[in-house]
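Colleague: The following block contains a protein sequence and its predicted model.
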Amino acid sequence: MSLTAWLTIIGICCLGAMSPGPSLAVVLKHTLSGGRRQGITAAIAHGLGVGLYAFICISGLAVVITTSEFLFTLLQWAGAGYLLWLGIKGILSRSTPGQGLPDVHTQTSMRDGFMIVFLNPKIAVFFIALFSQVVGTETTWLGKALYASTAMIIDGLWYVIVAWMFSNPRWLRLLQEKAQWLDRLFGVILIALAGRLVFELV
């Protein structure tokens, strides 16, 4: 393992984590609907999901996913269905202005944060492409574990920062007044992302 390779992992993982997409929408949704605790819970669960894929890729198991067209497609369809389900829930939200934060269960935040990663096999493709540039026959298991852990920590930390920033009390008071419309906005975004994924599949 070299410092250059590790810095490469850090840079690319930072860019990957910061890119907007369904993960950002889900973390923001739980932050704005459930407060700081739920947002951070979703963020940490998301980081664990990324870490799981990273460790799977390092160990070589992800090749099974990326070389099996049926399994890869099945996961993509499941991911699209999950995004659609989350989006419909958002659109059907009946939040009312000034009602305060709803009682969102921690298990729900954990589930959504993790599943939005788990049902996205493209993350496996991303890590295979990334690790193939820095992992060689001479790379020790300790080095591989460090690479995978780095990806997990960067992703989790980025979304924790996002949850922390958007759960500022002043922000929350203002956003609570628009809770129903925000839920619907996130619902539309998630449905649009699901639609884009379906369009790519058909």
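Modeller: On my side now, so go ahead. Residues are numbered from 1 along each chain as shown.
Colleague: Would you mark the buried spots in stretch 154-163?
Modeller: Within stretch 154-163, the residues scored as buried using 16 or more other CB atoms under 10 Å are Ile154, Asp155, Gly156, Trp158, Tyr159, Val160, Val162, Ala163. The way it works is simple: take the backbone N, C-alpha and C, and place the C-beta from them, glycine included.
Colleague: Check stretch 121-138 too.
Modeller: Pro121, Ile123, Ala124, Val125, Phe126, Phe127, Ile128, Leu130, Phe131, Val134, Val135.
Colleague: re earlier: mind checking which of the buried residues of stretch 154-163 land in strands?
Modeller: Residues of the buried residues of stretch 154-163 located in strands (DSSP state E): none.
Colleague: Val202: which of these is nearest?
Modeller: Checking the buried residues of stretch 154-163 against Val202 with CB to CB, the nearest one is Asp155 at 29.7 Å.
Colleague: Ignoring the adjacent residues along the chain, who's closest to the closest one?
Modeller: Nearest residue to Asp155 in three dimensions, chain neighbours excluded: Val50, at 4.2 Å (CB to CB, 6 or more residues apart in numbering).
Colleague: which residues of the chain score low on pLDDT?
Modeller: 1, 61-62, 64-65, 93-104, 137, 171-183 (pLDDT under 70).
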